[in-house]
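*Asks:* only geometry, no sequence info:
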């Protein structure tokens, strides 16, 4: 087969699969929507910088929440983890949980908090 | 015994462990059979990214520990005093958008739309380069204001952490440019979409590390 | 339908054959013999042998360092070594034994055996596998070059701050330690990704995770530990490197730094590291003991789950190395508890090994002696370990010889004995001939006696207060006798090492051992000794744990094993193997395409020590090293894993995509794998049709298994 027909075949198969799966694979539109959400969250994060005093004790929790949401959006959708095999999720989450765990404990022994 | 004399093949001996628990609907199935149904290369990249969590976690922890250290008579300014939050926010926004362009590039190549793929790949690389340029500008500004690498505890930790991140971005840019060049030379067909996907995973990871750094290092007060 | 397809070369209108012009200035290596074949090999078996041989040389070097230490300590106020040299000796002894002996030895076993045990033809990334070995070798050589370049590192294998900084260690010794370990760390990390993907993705049809040999399981857990632990020490090493080379302040107390940061980072790595050192050895004896007890392993699921549990729990105990560092009572209590708990899964294993031995028809071959040796000696070490977990006790024991006794019992009596068990067990598989059993018994008993004579007295000396890492001790402390005994014991160990070397040399003339000299249970015994390059003529189909055992044995009316009349090997074997029911494989192997040799791995690997020397001496070396690394990575990426020029009469068969996974990949040939589907089907299709008794459970391969699961 020539390159072109191969590419066509590839494109066809991709269309067939996305149609078949429907929502399983995000469309380009959903990616843009997610990007807009990410941008908005970033704007909100930056806004906290200007209203630090008003937020008081809520500052750090709200920043952490926004950070986690952004993290999750990129990992789950842009990195496609939501739609891929569970093994990838397990492997990545293991590293993540382990990192947060051991370093949090280490910082605790420094009476960091 | 030749192939033609063989009896009917034995029914699939798929024990409980060989059946992948979630058959992925990737546009590209793994190039060859694997027990999990997931490609070797992609699994390898996810494993690597899992380990990178430990790497950046360590660097972030070192910074967090030293950022809050009460050092009397510390030489030089505190790093938090020098932040230019608006500038860094724009940088962060740029990097975030580069993740969008990355998935658009992947989407394009999966559809064998090579022109679009090249456009988005190049855009991603350029957004990344803008980010790095922003970092360089920020660093030189800090140095001018008296915060060198060896000035104090916080500065070493800050530059090391952000420097490591910047190096990771740079390596990503090199990979993206290589993909762009390969595509120009007609060597990045749709069957290579998984390569783009895997490099994309690396790129997004570098982005999420920045999401964490931006919040913990820049926005959360010491 | 797969997206990858066989693409025949473009047809020229003239009808001529198109000329293949491979990219690159050099032709692809293709030799299978001679020293060049070793330099460019990507065969996991050759790489395993390279790891093992290199590790043995380092074992001798580390042993020499130990002998010098013991000579110095034989008597009070020893004059054999100056304190400065003494410090270098114990630092290099520890660093060598941990990073350059036990880790690569276990890597040797993992590399050689995992593909064979899971029924695969190679690992997931053969060229990266080769790269890992060369990086390890050069890292070790780089570290040892310190002896000739101003002195070896001298701050202990754990290299605490702030003594590790330039203020207190102005020479280059520590730099060699830091950079050397960074280099070997790369080898371990890349190897971990490789082996994890191999275990998860490349098992033969029917080989579920719970049918894998325990060695594979333990090696897999160890690889996950490496995957997550190496980055932590990488951080520590980078921070120290930046302090020393560029004046950073991470461990500079005057700038406000906290030396405990180093200790935390090091031990967060360091504790999982000790499980990395021991779990695969546990795995080795979990396969050796059943063979020589003529019984299946007692409690296979418990062995697997306890290994996984140790892997998890090992992350929660690291600060027991820091009990007296000023952590405070809450942290100390927490880590004391967690350390006590981790003894439980290890205890489970001990009981399972005993349960395997219980009422078995025991054959005390040398391998079995070392295996039982591990069970007993590791238990002793484990008991002293539990004593350390009681923090008030540890306050007395820490930094004394009591600790030295503990970790030598678990690492020498544990890991090394397990390694020797594995060496004696798998030697005939790797080299085709058994090691001499009689000489081996002398080796074992001399080593066992020497080991105990060396380290048992250290318990006493330690409790009597002898501190670690001191070049001399004064007369009248009451430690003289214990030290003298230890020194005598260490020379007995050295003598046993010579016996071992003698065994290796003289066993070259032993008769061929055959494919299955020990009547083993696992798949590596189903192929010839040594295995062919492609491991198996026919890919096995697995229906049981200990599948090979079930091929050879069935159960009689009373449930006792009875040897089948015949069974089929999975590759062509020699005459010796055909006794007692063994038969040649039923299928013609046809042509099997393996990943081609490559010189890129060693080229990239050479760049790393060059960069390291460059950081210490001149940036020109960095530039050259950097070029080699970058250029080599590009070369590796552009090179197809299977040389299209390779071999005549080889059709594209089973092979493995080989893309570097580290993210440095620039032009991975991801698409080359499609051709193998058709060939794989052909390979399997001819197997297992003959209706001979004993074949029902045997080599009937699943023709749909290989290609049926592709997205279609």
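*Replies:* Noted; the coordinates are in hand. None of these values were measured; they are calculated from a predicted model.
*Asks:* Next, count neighbours for residue C:469.
*Replies:* 13 (other C-beta atoms under 10 Å in any protein chain shown). Just so you know, the C-beta spots here come from the backbone N, C-alpha and C atoms, and that holds for glycine as well.
*Asks:* again but with residue C:467, I slipped
*Replies:* Per other C-beta under 10 Å, the neighbour tally for residue C:467 reads 12.
*Asks:* looking at the sheet around it, what are its partners?
*Replies:* Residues in a beta bridge with residue C:467, per DSSP bridges, are residue C:400.
*Asks:* hang on, it packs against residue C:396?
*Replies:* No. Assessed by C-beta atoms under 8 Å, residue C:467 is found out of contact with residue C:396, at 11.6 Å.
*Asks:* Tell me where the model's unsure across the chain.
*Replies:* Going with chain A. A:1-24, A:112 (pLDDT under 70).
*Asks:* Oops, wrong one, chain B.
*Replies:* B:1-31, B:70-71.
*Asks:* Recalculate using a threshold of 80.
*Replies:* Counting by pLDDT under 80, the low-confidence segments of chain B come to B:1-32, B:68-73, B:222.
*Asks:* Could you see whether chain C lies near the helix or strand hosting residue B:204?
*Replies:* Using DSSP states H and E, residue B:204 sits in helix B:193-213. Yes. Helix B:193-213 is in contact with chain C by C-beta under 8 Å from any C-beta of the partner chain, via B:194-195, B:198-199, B:202.
*Asks:* Which one (most neighbours) among those residues?
*Replies:* residue B:194 (28 neighbours).
*Asks:* Could you give the average pLDDT over stretch C:110-127?
*Replies:* For stretch C:110-127, mean pLDDT is 96.
*Asks:* Report all helices and strands that the helix holding residue B:204 contacts.
*Replies:* Contacts defined by 3 or more C-beta pairs under 8 Å, 6 or more residues apart in numbering or on different chains; DSSP states H and E place helix B:193-213 against helix A:59-73, helix B:40-67, helix B:85-110, helix B:114-144, helix B:153-184.
*Asks:* What is the nearest of the residues of helix B:193-213 next to chain C to chain A?
*Replies:* Taking C-beta to the nearest C-beta as the measure, chain A lies nearest residue B:202 of the residues of helix B:193-213 next to chain C, at 9.9 Å.
*Asks:* Report whether the expected contact of the closest one with residue B:175 is present.
*Replies:* Yes. Taking C-beta under 8 Å as the definition, residue B:202 is a contact partner of residue B:175 at 7.2 Å.
*Asks:* so which residue of chain B comes closest to chain A?
*Replies:* Nearest residue of chain B to chain A: residue B:50, at 2.9 Å (C-beta to the nearest C-beta).
*Asks:* Now for that residue: which residues touch it?
*Replies:* Residue B:50 is in contact with A:91-92, A:94-96, C:227-228, counting by C-beta atoms under 8 Å, 6 or more residues apart in numbering or on different chains.
*Asks:* which stretches of chain C form strands?
*Replies:* Ranges of strands within chain C are C:553-555, C:561-563, C:567-568, C:582-583, based on DSSP state E.
*Asks:* any idea which of the helices and strands packed on helix B:193-213 is most buried?
*Replies:* helix B:40-67 (a mean of 25; mean count of other C-beta atoms under 10 Å in any protein chain shown).
*Asks:* Give me the distance between residue A:84 and residue C:196.
*Replies:* Here the criterion is C-beta to C-beta, to the nearest Å. By it, residue A:84 lies 17 Å from residue C:196.
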